[in-house]
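Peer 1: need a structure here:
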Amino acid sequence: MPGGRLTQTERRQIALGLADDLPYAEIARGLDRPTSTITREVMRNGGPTAYRADLAHRATESRAHRRRQVTPRGLETPAPGHGRDAEAVREYEEAFITLLMQQGMSKMMARVLTCLFIADAGSLTASELVQRLQVSPASVSKSISVLESQGLVRREPDERRRERYHVDDDVWYQSTIDSARGIAQIAEIARRGVGILGRDTPAAARLENMARFSDFISESILRAAVQGREVLHTKPATSPGGATESISDRE
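Peer 2: Sure thing, here's the model as predicted:
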């Protein structure tokens with residue numbers, strides 16, 4: 001499988017595939033590349049409807065040029081440490097950001113949240129986020145405000161009275177609970193329509209089925225979240241070979 005950056009020819013093939021409404025996986029197979037590479041390439045260059053091969057290629061060259069330039073004093077990006085491969089960490093960070101963007105998050109919010117997730121402490125100050133992301137304090141502040149309103153980040157002062165932004169182990173639990181509640185609200189609004197549209201009508205039957213399905217999914221998610229919450233507070237078990245075991249591996 002080829003490695004390295006995408007070539008301009010490959011980017012043109014991606015553009016042709018998008019024009020033909022081909023899925024990312026099919027485009028990736030045609031180029032013998034991972035699907036994640038194609039997804040990340042498209043999402044960071046305008047998305048499937050705005051992707052342009054030549055513009056994407058120039059943007060990538062520009063980003064590479066900026067990375068090669070000497071970073072100004074005081075803005076050095078901290079080394080990954082722990083014997084980590086800096087390039088692998090960067091690629092992983094990009095993949096995480098791309099996934100969050102695909103799920104509806106803005107690029108800056110996705111970058112801030114990912115940066116917090118992969119920080120060993122699980123928390124950073126505003127100045128540390130500015131330094132790592134190479135963005136303005138205003139951009140960080142705006143993203144933090146929205147993430148905080150969504151319950152994904154919390155802030156508290158540290159010993160030096162600086163605000164630190166944290167992602168807790170319970171972030172995904174609370175996010176899952178909120179998602180289940182949202183599905184329950186869909187069930188509620190669908191069921192209200194049954195009486196309004198007439199119980200014996202095709203539209204009412206459709207809404208009733210939607211309500212029943214949404215109730216089932218919401219209740220299942222809530223049950224699973226409560227049962228699995230302890231996983232967020234336990235150290236992952238490892239197999240004799242050193243690989244992390246999943247819950248399903250132990251069942």
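
Peer 1: next one: phi and psi at residue 166?
Peer 2: Taking degrees, to the nearest 10, you get phi -120, psi 150 for the backbone angles of residue 166.

Peer 1: burial check on it, number of neighbours?
Peer 2: Around residue 166 there are 15 other residues, counting by other CB atoms under 10 Å. (C-beta placed from N, C-alpha, C; glycine too.)

Peer 1: check contacts around it.
Peer 2: 116, 122, 123, 153, 154, 155, 156 (CB atoms under 8 Å, 6 or more residues apart in numbering).

Peer 1: what is the nearest of these to residue 29?
Peer 2: residue 116 (34.6 Å; CB to CB).

Peer 1: count the neighbours of that closest one for me.
Peer 2: Neighbours of residue 116 (other CB under 10 Å): 23.

Peer 1: and for residue 86?
Peer 2: So residue 86, with other CB under 10 Å, has 11 neighbours.

Peer 1: try residue 88
Peer 2: Using other CB under 10 Å: residue 88 sits among 10 other residues.

Peer 1: are we agreed that it is in a strand?
Peer 2: No. Read with DSSP: H, G, I helix; E, B strand; the rest coil, residue 88 is helix and lies in no strand.

Peer 1: okay, now the unreliable bits of the stretch 1-150 of the chain?
Peer 2: The model of the stretch 1-150 of the chain has pLDDT under 70 over residues 1-4, 63-82.

Peer 1: show me where it has helices.
Peer 2: 8-19, 24-31, 35-43, 53-68, 86-102, 107-118, 126-133, 137-149 (DSSP state H, counting those that start in this stretch).
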